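K.L.:
coordinates for the following, if possible.
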Amino acid sequence: MKEINFDNGYFPVDSFEELETPFYYYDLNLLNLTLKAIKSATADARNFMVHYAVKANANHILLQTIGEAGLGADCVSGGEIEAALEAGIPHDKIVYTGVGKTDKEINIGLDNDIYCFNIESVEELEVINALAKAKDKKARIAIRINPEIGAHTHANITTGLAENKFGIAMADIDRVIDLAESTEYIEFIGLHFHIGSQILDMDDFKGLCDRINDITSHLESRGILISDINVGGGLGIDYEDPDNHPIPDFEKYFAVYRENLRLRPEQTLHFELGRAVVGQCGSLISRVVYVKQGSLTKFAILDAGMTDLIRPALYQAHHLIQNISSRSREMERYDVVGPICESSDIFGKDILLPLTRRGDFIAIRSAGAYGEVMASCYNCRPLPGAVYSE
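P.N.:
A predicted model of the protein is given here:
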């Protein structure tokens with residue numbers, strides 16, 4: 001088997017010849033190494049619980065691998081709860097977040113005795129109480145607080161500002177907690193936070209710790225002690241150089257919370273990591289359909305498009321793009337684009353690649369998170385398949 005070697009991985013190009021492109025290629029060895037790094041970084045913290053954010057990638061094989069490593073699941077829909085359970089993730093390691101939970105979805109959580117609902121409004125609290133009452137059950141809830149903290153990331157994936165739709169306003173904390181504690185079929189166990197995604201500045205997480213410390217101190221002054229604190233996720237990955245940085249610095253990330261959050265011995269600290277777990281293990285593999293000389297630039301037109309990986313069009317996101325089959329030493333610059341009838345269907349502009357021809361394989365790296373899971377059938381295109389290293 002011919003392999004294109006990089007510093008920390010390979011693509012078995014010969015085995016791709018018989019496969020229909022585009023597809024996602026998942027390096028399960030890298031995923032397992034990432035999971036081991038998480039376990040190592042939290043080994044001495046018995047009160048740390050990591051939940052995988054299923055919205056990053058709900059691929060069944062990946063979910064099974066993650067569940068076998070001992071992680072729980074953070075879900076944002078009833079379908080994600082069912083996918084996590086089907087993959088073998090225990091019900092008591094599942095937390096359910098989301099600003100618009102339907103009655104059907106809440107009942108899925110209640111029927112499966114999930115660990116916790118992270119509620120986002122008084123209205124949701126009232127609905128969960130009514131549905132729990134109908135089943136004669138108590139629903140464990142954490143209240144999601146909007147901490148009014150900005151994160152150094154793209155505006156579309158910032159969630160902790162006052163203008164964002166998520167969570168309950170700081171000014172309403174006391175009122176909502178009092179309501180939760182007096183509601184018959186609700187068991188109030190903690191607080192939930194999440195300030196955004198693709199965060200690389202650890203000071204953003206330090207700022208969250210400071211805000212949580214202020215809130216918990218205030219609650220303790222009122223005699224309110226909580227057992228669970230959920231700090232969400234948000235840890236980013238290196239999209240520029242995935243081969244030299246295939247695994248995020250989990251030691252540094254978890255150390256921020258060890259050193260800055262005043263966690264009580266009886267409290268459990270929950271994390272909801274998604275992109276950091278699966279982002280680097282996935283690549284979108286595509287073939288070049290045409291190389292077209294435009295009036296100003298040369299285009300490498302792929303059979304993959306924004307229907308298969310929407311991040312560049314939606315977030316102007318950067319992904320490393322590599323020609324993994326060309327043996328040419330001659331380099332040229334291309335706009336790498338897809339076939340979709342949208343001007344935004346562009347993976348990268350002015351990309352330096354080896355001389356590229358029709359039929360060459362192109363790898364779009366760091367696509368394990370928010371890639372396959374966000375794919376669509378726009379233009380009546382089929383969804384991309386998945387291929388695994390093992």
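K.L.:
the stretch 1-150 of the chain: helices as residue ranges?
P.N.:
Using DSSP state H, counting those that start in this stretch, the helices assigned to the stretch 1-150 of the chain run over residues 13-16, 28-41, 60-68, 78-86, 103-111, 122-134.
K.L.:
mean confidence score for the third one?
P.N.:
Average pLDDT, helix 60-68: 98.
K.L.:
please state the offset of it from the chain centre?
P.N.:
14 Å (Cα atoms, centre = their mean, to the nearest Å).
K.L.:
list the buried residues in that helix.
P.N.:
Buried residues in helix 60-68, counted by 16 or more other Cβ atoms under 10 Å: 62, 63, 65, 66, 67. For every residue, glycine as well, the C-beta is placed using N, CA and C.
K.L.:
just checking, what packs against it?
P.N.:
Helix 60-68 sits against helix 28-41, helix 78-86, helix 275-278, with contacts defined as 3 or more Cβ pairs under 8 Å, 6 or more residues apart in numbering; DSSP states H and E.
K.L.:
is the residue of the chain most remote from its centre in a helix, a strand, or coil?
P.N.:
Within the chain, the residue lying farthest from the chain centre (Cα atoms, centre = their mean) is residue 295, at 39.4 Å. Recorded secondary structure, residue 295: coil (DSSP: H, G, I helix; E, B strand; the rest coil).
K.L.:
what distance do you get for it to residue 231?
P.N.:
Remark: distance between residue 295 and residue 231 (Cβ to Cβ, to the nearest Å) = 51 Å.
K.L.:
residue 225 - how many residues pack around it?
P.N.:
Using other Cβ atoms under 10 Å, residue 225 has 11 neighbouring residues.
K.L.:
contacting residues around it?
P.N.:
Neighbouring residues of residue 225 by Cβ atoms under 8 Å, 6 or more residues apart in numbering: 219, 264.
K.L.:
also residue 27?
P.N.:
9, 281, 282, 283, 389 are the contacts of residue 27 under Cβ under 8 Å, 6+ apart.
K.L.:
export those residues to CSV and tack on neighbour count?
P.N.:
As requested, these are arranged in CSV below (neighbours: other Cβ atoms under 10 Å):
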residue, neighbour count
9, 20
281, 31
282, 28
283, 28
389, 15
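K.L.:
closest to residue 92 among these?
P.N.:
residue 281 (26.8 Å; Cβ to Cβ).
K.L.:
which residues are contacting stretch 94-103?
P.N.:
Contacts of stretch 94-103 (Cβ under 8 Å, 6+ apart): 51, 72-78, 81, 84-85, 105, 109, 112, 114-118, 120-121, 124, 127-128, 131, 142, 144, 165-166, 192, 194, 230, 270, 272.
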